[in-house]
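Undergrad: structure of the sequence below:
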Amino acid sequence: MTTTITMAAATTITTDAALARLLAWLSPAYPVGAFSYSHGLEMAVEDGAVARRDDLVAYATAAIRRGAGAVDAGLLALAWRAAETGDDAALDEITDLAAAWRGTAELALEAAQPGAAFALVTQAAWPEPRFAAYAARHPRRLTHAVVTGVAAACHGVPLRAACFGWLNAFAANVVSAGVRLVPLGQTDGQIATAALLPHIEAATDAALAVTHADELGACALHIDLFSARHETQYTRLFRS
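TA: Next up is the predicted model:
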């Protein structure tokens, strides 16, 4: 049985089994520990830069369109294509680049710890030889976006669905942190999530247009600065 998924005027077809995998992998219940990271938002809230729902939307938008979200989504797309074609050399290069492309130590941890956890859980629940071989080649070097892209390719999840889904989960995690930190009500959190949809769609389009890592770049310096300051923040709830 197949399911038609329509996103941003682009239609892809995936099996129910592939869709079930993607939904499980990107669910907050998937045990990767993403909930413990705020992407520098905790410092931004303490500093007063994020104090309202609109501020939270602006912060998440910057991360998605101009920061780590944009870079990681492009790397996910490149990794998916390399895994799909069996180009291990290109995939290994993308993996190493993704591990290095971090503005601060905490943002590196935010990418690597969930990446390693994702690999372990996914191999246990949905074992696949190509994915297992890839994960074995990169101990302690797996980033969440790239390892998700590789898993998607190995399990027949279409690229656009994987990229859009990962960006949506990334944005949702920032919003969830904001709801707890500002604090905001749950309805405000859902309004913020809805407001981010066009930005997630645009970021997905941009990521899918990437053909080489040289085309990627980030310009959300304020997020990196908040993250760096978070390392010495006196009272912290989050790991980044």
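Undergrad: against P114, how distant is the closest residue in space to L26 that isn't next to it in sequence?
TA: Excluding the flanking residues, the one nearest L26 by C-beta to C-beta, 6 or more residues apart in numbering is A169, at 4.2 Å. In this view, the C-beta of every residue, glycine as well, is placed from N, C-alpha and C. From A169 across to P114, the span is 10 Å (C-beta to C-beta, to the nearest Å).
Undergrad: what about the two, which has more around it?
TA: Remark: of A169 and P114, P114 carries more neighbours, 25 against 21, as counted by other C-beta atoms under 10 Å.
Undergrad: show me what whichever strand or helix holds the more buried one is packed against.
TA: Using DSSP states H and E, the secondary-structure element containing P114 is helix 105-125. Using 3 or more C-beta pairs under 8 Å, 6 or more residues apart in numbering; DSSP states H and E as the contact criterion, the elements in contact with helix 105-125 are helix 16-25, helix 68-85, helix 88-100, helix 129-137, helix 144-154, helix 221-230.
Undergrad: pick the most buried one from those helices.
TA: Across those, averaging neighbours per residue (mean count of other C-beta atoms under 10 Å) puts helix 144-154 on top, at a mean of 28.
Undergrad: so what does the residue nearest to L26 look like in phi/psi?
TA: phi -70, psi -40 (degrees, to the nearest 10).
Undergrad: how close does it sit to T211?
TA: Plainly put, A169 is 24 Å away from T211 if you go by C-beta to C-beta.
Undergrad: tally of neighbours for A51?
TA: By the criterion of other C-beta under 10 Å, A51 has 13 neighbours.
Undergrad: for the nearest residue to it once chain neighbours are set aside, give me the pLDDT.
TA: With sequence-adjacent residues excluded and distances taken as C-beta to C-beta, 6+ apart, A51 is closest to V182, at 6.6 Å. Confidence per residue is given as pLDDT, and for V182 that number is 97.
Undergrad: show me the contacts for V182.
TA: By C-beta atoms under 8 Å, 6 or more residues apart in numbering, the contact set of V182 is 45, 50-53, 56.
Undergrad: from these, which two are the most distant?
TA: The distance between the two most remote of the contacts of V182 (C-beta to C-beta) is 12.5 Å, for V45 and R53.
Undergrad: on that earlier part again, outside of the helix holding P114, which residues touch it?
TA: The contact list for helix 105-125, computed with C-beta under 8 Å, 6+ apart, reads 24-25, 30-34, 37, 39-40, 68, 72, 98-99, 102, 131-132, 135, 140-148, 151, 224, 227-228, 230-231, 239-240.
Undergrad: try it again with 6 Å
TA: Counting by C-beta atoms under 6 Å, 6 or more residues apart in numbering, the neighbours of helix 105-125 from elsewhere in the structure are 31-34, 37, 102, 132, 135, 142-144, 147, 151, 227, 231, 240.
Undergrad: cool, stretch 231-240 as well?
TA: When contacts are taken as C-beta under 6 Å, 6+ apart, the neighbours of stretch 231-240 outside the stretch itself are 36-38, 42-43, 106, 110.
Undergrad: among these, which ones are in helices?
TA: 42-43, 106, 110 (DSSP state H).
Undergrad: can I get those residues in a markdown table including neighbour count and distance to V121?
TA: Putting the ones in helices among the contacts of stretch 231-240 into a markdown table (neighbours: other C-beta atoms under 10 Å; distance: C-beta to C-beta, whole Å) gives the following:
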| residue | neighbour count | distance to V121 |
| --- | --- | --- |
| E42 | 26 | 26 |
| M43 | 25 | 30 |
| E106 | 22 | 23 |
| E110 | 27 | 17 |
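Undergrad: alright, calling it a day.
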